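J.: For reference, the sequence and a predicted model appear below.
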Amino acid sequence: MIVIVMGVTGVGKTTVGQLVAAGTGWTLYDADAYHSPANVEKMRAGIPLTDDDRWPWLDRLNALLREAESRGESAILACSALKQRYRDRLQRGLQSARWVYLKGDIELIRSRLHKRKGHYMNPALLQSQFDALEPPGEALLIDVNDEPAALAQQVLAALAT
């Protein structure tokens, strides 16, 4: 099974993904680690990525997930996947993909971003992420107004059904 944890920057995708991976024994892939250096520099400078910036990145992630699935492995991907066309590109060719949408209020997420250290994503991009967000129609919806361990437990319970 492939599980993709999505949402805006700072919502907790990687943290929740790590906890779910620990609970399942599955591999976690953090989409941020697969951005090109040029994309990272744009985001660090507070410049939103364009679709042309994203397509090669999304294709790399899709290939990664298809390879895991072809080996019979389950995996988790933490990825913003804000627009439906990005989600379509990510799941292209996959036999099974389940989506987890981490949703939070912009003020809560903004406060988290200001506390986060060592991440290249410029907090000034948060509004552009909310502006671009197209909430998924079919996904497990998790409100992030709780501790990460509780959020991960909700995901694990849903995956068990």
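T.: That came in fine, so what should we check first? Numbering: from 1, shown residues only.
J.: Okay, helices next: where are they in this protein?
T.: 13-24, 37-44, 51-70, 84-91, 106-115, 126-132, 148-159 (DSSP state H).
J.: Nearest to the spatial middle of the chain, which residue is it?
T.: Nearest to the mean C-alpha position of the chain, by CA atoms, centre = their mean, lies residue 79 at 2.2 Å.
J.: re earlier: could you say which one of the helices of the chain comes nearest to residue 1?
T.: With CB to CB as the measure, helix 148-159 is the member of the helices of the chain nearest residue 1 (7.5 Å). Backbone N, C-alpha and C define where each C-beta goes, glycine included.
J.: Residues in contact with that closest one: which ones?
T.: Here helix 148-159 makes contact (CB atoms under 8 Å, 6 or more residues apart in numbering) with 1, 3, 5, 12, 15-16, 19-20, 23-24, 98, 100, 102, 140, 142, 144.
J.: May I see the buried residues of that helix?
T.: Residues of helix 148-159 classed as buried: 148, 151-155, 159 (neighbour count, 16 or more other CB atoms under 10 Å).
J.: Then stretch 12-25?
T.: For stretch 12-25, burial by neighbour count (16+ other CB under 10 Å) applies to 12-21, 24.
J.: Next: stretch 90-108.
T.: Buried residues in stretch 90-108, defined by neighbour count with 16+ other CB under 10 Å: 90-91, 94, 97-104.
J.: How about stretch 35-54?
T.: When burial is assessed from 16+ other CB under 10 Å, stretch 35-54 yields the following buried residues: 35, 39, 42-43, 49, 53-54.
J.: Understood, closing this out.
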